[in-house]
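Engineer: Okay, predicted coordinates and the sequence, questions at the end:
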Amino acid sequence: WIAENDTDGDNIVEYNETENPIEFDSDYDNYIVGDVVSDDKTGNFYKELYLQNDPVNPTKSIKLAVDFRSLYTKYDLGRKVYVYLHDLALNKNRGEMVLGEMINNQVDDMRENRAKENILRNCDAVAVTPVTIASPSEVDDTYLGMLVEFDNMQFDLSLIDITNPENSSTFVDPYDNYDSHRMITSCDDNSQIRLETSTFASFKDDTLPQGQGSVKGVLARDYGDNFYVLRVSSPDDFSFTGDCCDPVLLDCNNPNPIGGSNVVFDEDFESYANYTTALPGWTNTNVNGGNNLFQVRSYSGAHYMQCSAYNSGEAPLEVWLVTPAINLDSSTDEELTFETKTGYNNGAALSVFVSTDFTGDVSTAEWMIVDAEIANGPSSGYQSSFTSSGSVDISCLDGDVYVAFKYLGGDGGVTTTFQVDNVKVTGN
């Protein structure tokens, strides 16, 4: 990684954010060698080149900050690159080692002519093997800037429409201005990592991949240095070939019209005081033992249930709000409806399920996710009105049925505020 006789080699390895940048003078004749692990062809990487010190078993990485684009035409994936350090400067930013040029007393992008003089490429490119990380829960700064891979991953079903894939969410949220974050979940331990996609990426409007499988990309930190993100070069970095590991999608497929004048269950939360968490017959549980729960809130006289991970001190924050038993034995063609609203939306956090064998412990019940419209409002402020779930067909269920609203976020990560109101079941 550091060339022989480099007296500053240890400084580069041990350098941290509490120290001043390291500036290399014009007669400094050492260099570093690395393999390219990023590709800016689609625009998801911009004026940056990630290198690691070995194509198979890396132990170090560095980001080159450069003031020009289309780097893939010369420094393609797997290309071995030699970077002469003279006239450059090293800094650490958001945990990443960044090599640039000292301009106006700060480490900035290398000017194009400087970069072309200092960054030389080998004639051959090698295959880079991603470092396999068992799950997002195993991520730490050791892997920053490296090409990594996660297996048995999938997007949250709130982002995916299994029945109509063309209606699934896209890589970029249309409300985002710069970077968009979509949560990817491990089927092994339910830990999560955010996929970061630039709003300038050529695939920003592509729908997210269905199913589950592996995904590879460069591990980084978000712009605010709040959480880890995975940055892919293109949708080809996903190999989702298996079925989703999430609960089975409820699909009653009733040929008859559903809903009717018979109101089986109806809750608008108007009879409860603000900040109430214990509702008769309802289950409101934090599965990790924390203190944060859904609670009654109100605005302009209307009451609803609300949950948010913002300033919760919990990561992850997983809270389930489950209705009392809703008995369907005396009705037919039942329809479930509800309303949701988001505030300060920075990612999907709410999923809705039904069960017929819930006994008080959400971890032991068999849950089926429902195909419903979930609010997806702006990143600043709140939606002006609630979003209707649409008609959810539950007519194939009998006996006692339970509807669950699952909030899954985390302080410092997805903290979207979700509000739930007007939970109703009707039939004939």
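Structural biologist: That came through, no problem.
Engineer: how near is residue 342 to residue 418?
Structural biologist: Residue 342 sits 6 Å away from residue 418 when distances are taken as CB to CB, to the nearest Å. Quick note: C-beta positions are derived from backbone N, CA and C, even for glycine.
Engineer: Would you mind listing the residues touching both of these two?
Structural biologist: Common contacts of residue 342 and residue 418 (CB atoms under 8 Å, 6 or more residues apart in numbering): residue 375.
Engineer: Show me the helices in the chain, by range?
Structural biologist: With DSSP state H as the criterion, the chain has helices at 9-14, 112-118.
Engineer: I'd like to know which of these has the weakest mean confidence.
Structural biologist: Of all these, helix 9-14 carries the lowest average pLDDT, namely a mean of 47.
Engineer: Which parts of the protein belong to which domain?
Structural biologist: With domains defined by automatic domain parsing, the chain comprises 9-125, 131-242, 262-427.
Engineer: which one of those domains lies closest to residue 252?
Structural biologist: domain 262-427 (3.7 Å; CB to CB).
Engineer: Let me see the mean pLDDT of the closest one.
Structural biologist: Domain 262-427 comes out at a mean pLDDT of 94.
Engineer: quick one: terminal-to-terminal distance for that domain?
Structural biologist: Start-to-end span of domain 262-427 (CA to CA, to the nearest Å) is 5 Å.
Engineer: Tell me how far it lies from the chain's centre.
Structural biologist: Offset of domain 262-427 from its chain centre (CA atoms, centre = their mean, to the nearest Å): 21 Å.
Engineer: cool, and stretch 181-193?
Structural biologist: 7 Å.
Engineer: Give me the mean pLDDT for it.
Structural biologist: pLDDT averaged over stretch 181-193 gives 84.
Engineer: which residues are contacting it?
Structural biologist: With CB under 8 Å, 6+ apart as the test, stretch 181-193 has contacts from 134-137, 139, 150, 152-156, 159, 169, 171, 173, 194-197, 208, 212, 215, 222, 228-230, 245, 316, 346-348, 408, 410, 413-414.
Engineer: quick one: buried residues of it?
Structural biologist: By 16 or more other CB atoms under 10 Å, the buried positions in stretch 181-193 come out as 181-187, 191-193.
Engineer: Not counting its own residues, what contacts stretch 231-248?
Structural biologist: Under the criterion CB under 8 Å, 6+ apart, residues 38-42, 44-45, 77, 152, 154, 156-157, 160, 162, 171, 187, 195-197, 203, 206, 209-220, 353, 366-369 lie in contact with stretch 231-248.
Engineer: among the residues you listed, which ones are buried?
Structural biologist: For those, buried by 16+ other CB under 10 Å: 38-40, 42, 44-45, 77, 152, 154, 156-157, 160, 162, 171, 187, 195-197, 203, 209-220, 353, 367-369.
Engineer: Now intersect these with the strands, please.
Structural biologist: Among the buried ones among the contacts of stretch 231-248, the ones falling in strands (DSSP state E) are 152, 154, 195-197, 212-220, 353, 368-369.
Engineer: quick revisit: for PyMOL, what selects the buried ones among the contacts of stretch 181-193?
Structural biologist: Selecting only the buried entries of the contacts of stretch 181-193 in PyMOL, with 16+ other CB under 10 Å as the criterion:
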select buried, resi 135+136+139+150+152+153+154+155+156+159+169+171+173+194+195+196+197+208+212+215+222+228+229+230+316+346+347+348+408+410+413+414
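Engineer: thinking again about what came up before, now, which of the buried residues of stretch 181-193 lie within strands?
Structural biologist: Using DSSP E, the subset of those located in strands is 181-186, 192-193.
Engineer: which residues in the stretch 1-150 of the chain form strands?
Structural biologist: For the stretch 1-150 of the chain, the strands defined by DSSP state E, counting those that start in this stretch cover 22-23, 31-36, 48-52, 61-65, 79-84, 89-93, 96-103, 106-108, 119-125, 131-132, 147-155.
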